[in-house]
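1. Got a predicted structure here, sequence first:
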Amino acid sequence: MNVYDSTRMSDALARDGYEPTEDMEEADLVLLNTCHIREKAAEKVYSALGRLREMKKKKAADGREMMIGVAGCVAQAEGEEILRRAPAVDVVIGPQTYHRLPEALRQAKLGRRVVDTEYAIEDKFEHLPIADSRKIRARGVTAFLTVQEGCDKFCTFCVVPYTRGSEVSRPVSQIVEEAEKLADSGVREITLLGQNVNAWHGAGPGGEAWSLGDLLYRLAEIPGLARLRYTTSHPRDMDDRLIGAHGDLRALMPYLHLPVQSGSDRILKAMNRRHTAAEYLTLIERIRTVRPDIALSGDFITGFPGETDQDFEDTLRLVEEVRYAQAFSFKYSTRPGTPGAELKDQVPEEIKAERLDRLQALLLKQQQEFAESCIGKEIDLLLEKPGRMLGQLIGRSPWLQSVNVDAKASQIGDIIKVRITGTGTNSLFAERAEAAV
């Protein structure tokens, strides 16, 4: 979602004449788009601001101006504190007010340091511009599209409800309009985004209530749009319509990121996840029944307050049963203002780390086994960008893996049939199916 938000901020700034640069020395404005989900991410913001302060000072000595802005969830959470700790910052703007960024910068140029983190009453989505076709084409054949923001689940470890606010669903008409423009500009694959994307709901053309499944059926009708994905989901919002879409829609890729966080019912309750391990496993079984080839991804936290050795063993057992193609795992990070920060029985760092090492070893083993199971399969590959080797392109498999194959640059955007021949550290290798012996 931060990638998507950065892109939309860039589009908004383009109206005021800003152009992106890859060289920070050239920049008149450096904007940090930040994440607050873990403590380490927030700490990196202040380290980066320290480096930018020196760059700004050096430019000022040479008679050049450079403005610094902080956007995103750290901006939302810390607001005035950022201005206090980092005097070089000119603008602090939260994720609900990106459409007001150009005006904030105009105010800052007049010498006023701006903090804009108030939740916007107006529709942010309505005000954010969609890039023109030329820019969309330059960005490639895959794109993100935000359809939902915020979360009402209030998991006790998570800051999202406090930084992104309550759940807001984008209207059907806006989503379809942007998806059609992306497809018309050459985008072949769209990933729908939301902090809790499968909680999306809206009104269909006739005023009837739509869920994410209904939206996916509608988007699958758009000419030229060959692939659909969505992330991130909550197990409690996987309804029958959405599960059915995985069985019915060829465009909906067989990949699902469905975080569980823990395999212990006791810890799941403490996390306020509002589902049990057995309910999660039953849900996985239902999804695999309609889409047997689906690849599953998840999120895990080790060392949540009160987690015992037995709780952790329950998590390992769940991982063994599900068998993930990919997963993200982290040590529990205390986030100020969340209920988890107030819980007793905080787990020592060394135990968190030891459990994380064991969990990641198991998840890596499963990821490698899934990759190896792809060898010999013929798949449809979306050619996405040039590879490192001359005459090679990198494509995206239905299961979201990077795949290296010999192909011409003119074929970017094509979907070709290939046969997987081998695995690398973080990618697969393939040959054209018709050329395979």
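-> In hand now; what should we look at?

2. which strands and helices sit next to the helix or strand where L428 lies?
-> Per DSSP states H and E, L428 falls inside strand 427-432. Applying 3 or more Cβ pairs under 8 Å, 6 or more residues apart in numbering; DSSP states H and E, we find strand 427-432 packed against strand 402-406, strand 415-423. Where C-beta positions appear, they are placed from N, C-alpha and C, glycine not excepted.

3. Mean neighbour count and distance to R51 added to those strands, as TSV?
-> Shown next, in TSV, are the helices and strands packed on strand 427-432 (neighbours: other Cβ atoms under 10 Å; distance: least, Cβ to Cβ, whole Å):
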stretch	mean neighbour count	distance to R51
strand 402-406	20	31
strand 415-423	19	38
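
4. closest one to H246 among these?
-> H246 lies closest, by Cβ to Cβ, to one member of those: strand 415-423, at 19.4 Å.

5. now the strands for the stretch 101-250 of the chain?
-> Taking DSSP state E, counting those that start in this stretch, the strands of the stretch 101-250 of the chain run over residues 114-116, 142-146, 148-149, 168-169, 189-193, 201-203, 209-211, 227-231.

6. Most tightly packed of those?
-> Here the criterion is mean neighbour count by mean count of other Cβ atoms under 10 Å, and of the strands of the stretch 101-250 of the chain the winner is strand 148-149, at a mean of 24.

7. Could you list every helix and strand that that strand packs against?
-> Strand 148-149 packs on strand 168-169, going by 3+ Cβ pairs under 8 Å, 6+ apart.

8. Neighbouring strands of the strand it packs on in the sheet, and parallel or not?
-> Strand pairing for strand 168-169, determined by DSSP bridges: strand 148-149 (antiparallel).

9. So in this structure, which helix runs the longest?
-> Counting by DSSP state H, the longest helix found in the chain is helix 349-373.

10. hmm, who's touching that one?
-> Here helix 349-373 makes contact (Cβ atoms under 8 Å, 6 or more residues apart in numbering) with 295, 300, 302-303, 307, 312, 315-316, 319-320, 323-327, 329-332, 399, 401, 423, 428.

11. Report the angle between that helix and strand 415-423.
-> Taking axes from the mean of the first three to the mean of the last three Cα atoms, to 10 degrees, one finds helix 349-373 and strand 415-423 inclined to each other by 120 degrees.

12. and helix 349-373 with strand 427-432, angle?
-> Per the same axes, to 10 degrees, the angle that helix 349-373 makes with strand 427-432 is 10 degrees.

13. about what we covered before: the strands of the stretch 101-250 of the chain into CSV, with extra columns for distance to A41 and mean pLDDT?
-> Shown next, in CSV, are those (distance: least, Cβ to Cβ, whole Å; pLDDT from 0 to 100):
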stretch, distance to A41, mean pLDDT
strand 114-116, 20, 92
strand 142-146, 19, 94
strand 148-149, 19, 92
strand 168-169, 23, 92
strand 189-193, 18, 97
strand 201-203, 30, 95
strand 209-211, 32, 97
strand 227-231, 18, 98
